[in-house]
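1. okay, sequence plus prediction incoming.
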Amino acid sequence: ACTLTLTIAPHMEMQGYHREWIDFLEKALGQAGAQDDLCTCAQLHVLIGRLLQHMNEYAAAEQQLQRGRDLCAQCNDRRVLVTVLERLGANAMERADFALARSYAQQALALLEPEDPATAPSHGILGLLALRQANWEEAITQYTFVRLLRERQGMARFVAQAVRDLGYATMYARRYDEALGYYQQALQIFAE
């Protein structure tokens, strides 16, 4: 049941029934806690935190993510810790706490090999930070790397999002023809 829940969670997240899915994940959290499965509990806290972020409940998301972070430390799960740090960084971006967002992204990057596709979300945060600070070339550099990492993963939806973000960065850099090309490419990938 644990493996199934964690496997279908990303797909359920995309369905839009966030509150209902949180109820289900909280029940799973209770079961995992009863079995002292700290690593599963950590992952479930992260999943609940993500859903709360989708619902713009950032304070509640922060609590879930911090609880997940605490449990990651206890079960020494670096992969989940990277996800927690990335989501905490996204939460900090939503609150415009750029220094904290950068710190979380850098902490996550320090835990992985530079070419690991799992670094893509943290590079995405650094790209968004660069955009918000009008550092267009740095944003382009970060999003180009995100695209490369996503292409290695082979997940079309994430590749399309990375190409779209690269379009944003080149548009702000006033490279409009290039931006249009990226937008068209992203649309094509999404359509496929």
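-> Done, it's in.

2. buried ones in the helix or strand harbouring V146?
-> Assessed by DSSP states H and E, V146 sits inside helix 136-153. Buried residues in helix 136-153, counted by 16 or more other C-beta atoms under 10 Å: 136, 138-147, 149-150. Quick note: C-beta positions are derived from backbone N, CA and C, even for glycine.

3. for stretch 31-38, same thing?
-> Neighbour counts over stretch 31-38 (16+ other C-beta under 10 Å) mark 32, 37-38 as buried.

4. same check, this time on stretch 12-30
-> Buried residues in stretch 12-30 (16+ other C-beta under 10 Å): 12-13, 18, 21-22, 25, 28-29.

5. so what's the residue nearest to Q153 when sequence neighbours are not counted up against?
-> Using C-beta to C-beta, 6 or more residues apart in numbering and skipping residues adjacent in sequence, the residue nearest Q153 is P117, 4.6 Å away. Shown in contact with P117 (C-beta atoms under 8 Å, 6 or more residues apart in numbering): 149-150, 152-153.

6. now A108
-> 81-82, 85-86, 89, 119, 121-122 are the contacts of A108 under C-beta under 8 Å, 6+ apart.

7. hmm, try it at 7 Å
-> 82, 85-86, 122 (C-beta atoms under 7 Å, 6 or more residues apart in numbering).

8. and the buried residues of stretch 12-30, which is closest to A179?
-> Using C-beta to C-beta, E13 is the member of those that sits closest to A179, with 29.1 Å.

9. find me the pLDDT at that closest one, would you?
-> For E13, the model assigns a pLDDT of 79.

10. and it, how far from R87?
-> Distance from E13 to R87, counting by C-beta to C-beta, to the nearest Å: 12 Å.

11. R164 too?
-> R164 is 20 Å from R87, by C-beta to C-beta.

12. swap in P121?
-> 8 Å.

13. what about the spatially closest residue to V82 that is not a sequence neighbour, helix or strand, and which?
-> Excluding the flanking residues, the one nearest V82 by C-beta to C-beta, 6+ apart is A108, at 4.7 Å. Element membership for A108 (DSSP H and E) is helix 98-110.

14. and the closest residue to Q106 other than its chain neighbours, what does it touch?
-> Computed as C-beta to C-beta, 6+ apart, the closest residue to Q106 that is not its neighbour in sequence is S122, at 7.7 Å. By C-beta under 7 Å, 6+ apart, the contact list for S122 reads 86, 89, 105, 108-109.

15. now do 6 Å
-> 86, 105, 108-109 (C-beta atoms under 6 Å, 6 or more residues apart in numbering).

16. on the three-state scheme, it is what?
-> At S122 the chain is in helix, as set by DSSP: H, G, I helix; E, B strand; the rest coil.

17. can you tell me the closest non-neighbouring residue to the residue nearest in space to the middle of the chain?
-> In the chain, the residue lying closest to the centroid (C-alpha atoms, centre = their mean) is P121, at 4.9 Å. Excluding the flanking residues, the one nearest P121 by C-beta to C-beta, 6+ apart is E86, at 4.1 Å.
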